[in-house]
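Trainee: quick one, what's the 3D model for this:
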Amino acid sequence: MAQPLHIATPLLPSATLGAACGCHVQIKMEALQPPGSFKIRGIGLACQTHAQAGKRRFMSSSGGNAGLAVAYAGQCLHIPVTVVVPQTTSAHAQALLRQYGAEVIVHGSTWNEANALAQTLLGPQDAFIHPFDDPLLWAGHASMVDEVIAAGFTPDAVVTAVGGGGLLCGVAQGLAQHGLGHVPIIAAETAGAASLALAMQAGAPAALDAITSIATSLGAKQVCAQAFALSQQRPIISHVVSDADAVSACLRFLDEHRVLVEPACGAALAAVYAGADRLAPFKQVLLIVCGGATCSLAQLQSWHATL
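Mentor: Model prediction:
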């Protein structure tokens, strides 16, 4: 395989997060990936694999970080990208997609409608890049754990945000590959987008009626089947935070670490900032700062004032 499209991101100790939860905390700075989030790890691998198989166009139905990663990968590989997004996608997000050279088609009022159109546009030389439910993505995301272990850090717990479950699957795969399948993953979600928590409570795959959280990057009504299966097979601790706590965590992290992330990532930050009780059994905690490029400081401040 050619050089990966993602970068090896810094692994940094965080004294402030450590003081908040009473553990030694190392942060994996996926927010520093070129398109702004961890998504380029798995999506980059998927796009490279499809390109090698002769595909001539990439198709996405994500107006968020997955779409940005597909657009960035297409630009790197000189392969055209079409992204179909719903009308709810912000002008800012659409502009970011176009900056990477993607064709943006706005269709429908929901992701389901946009995705349905995207499927009808697929030709034999096109590859559809799913935002989270694809073993190629999980294999790519697992590379972040390889980097953590190579840096000499072996966590006894990992904190990560969960949306559709792609990052969770990748982290679990990466840990398993290093003999760390027993290490608990604390799966952080916001109330109103907590589809993994719902399924774990039900003990069976389950779907939310609607996404009511501002953390729309966590907005999968149902996690992928593999994410639910993992919750039944290995230690996964569900943790749900409020939108307000997620936004406050983003602003605090910006002050302390000078990096802007979106509320979807803020869910994981909030789990650590308020994690003294939950993280008490652990000494060496890895926090995945998954990033997110679709949120501005002004938007965070607006939410902070109203939530």
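Trainee: for the stretch 101-250 of the chain, just list every one of the strands.
Mentor: 103-106, 126-128, 157-161, 185-190, 236-241 (DSSP state E, counting those that start in this stretch).
Trainee: could I get these as a markdown table with mean neighbour count and distance to Gly44?
Mentor: Placement of C-beta: from N, CA and C, glycine included. Formatted as a markdown table, the strands of the stretch 101-250 of the chain follow (neighbours: other CB atoms under 10 Å; distance: least, CB to CB, whole Å):
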| stretch | mean neighbour count | distance to Gly44 |
| --- | --- | --- |
| strand 103-106 | 16 | 20 |
| strand 126-128 | 19 | 13 |
| strand 157-161 | 29 | 19 |
| strand 185-190 | 28 | 23 |
| strand 236-241 | 20 | 26 |
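Trainee: as CSV, those with mean pLDDT and distance to Met29 would be great.
Mentor: Formatted as CSV, the strands of the stretch 101-250 of the chain follow (pLDDT from 0 to 100; distance: least, CB to CB, whole Å):
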stretch, mean pLDDT, distance to Met29
strand 103-106, 96, 28
strand 126-128, 98, 29
strand 157-161, 98, 13
strand 185-190, 96, 17
strand 236-241, 97, 21
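Trainee: so can I have a markdown table of those showing distance to Gly275?
Mentor: Shown next, in a markdown table, are the strands of the stretch 101-250 of the chain (distance: least, CB to CB, whole Å):
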| stretch | distance to Gly275 |
| --- | --- |
| strand 103-106 | 39 |
| strand 126-128 | 38 |
| strand 157-161 | 8 |
| strand 185-190 | 8 |
| strand 236-241 | 8 |
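Trainee: and those strands: which comes nearest Ala280?
Mentor: The closest of the strands of the stretch 101-250 of the chain to Ala280 is strand 157-161. By CB to CB, the value is 10.6 Å.
Trainee: out of the strands of the stretch 101-250 of the chain, nearest to Ala91?
Mentor: That would be strand 103-106 among the strands of the stretch 101-250 of the chain, by CB to CB, at 10.2 Å.
Trainee: what does the closest one rub up against?
Mentor: With contacts defined as CB atoms under 8 Å, 6 or more residues apart in numbering, strand 103-106 is touched by 80-87, 89, 94, 97-98, 117.
Trainee: take those residues and keep only those in strands.
Mentor: The strands, defined by DSSP state E, take in Val81, Thr82, Val83, Val84, Val85 from these.
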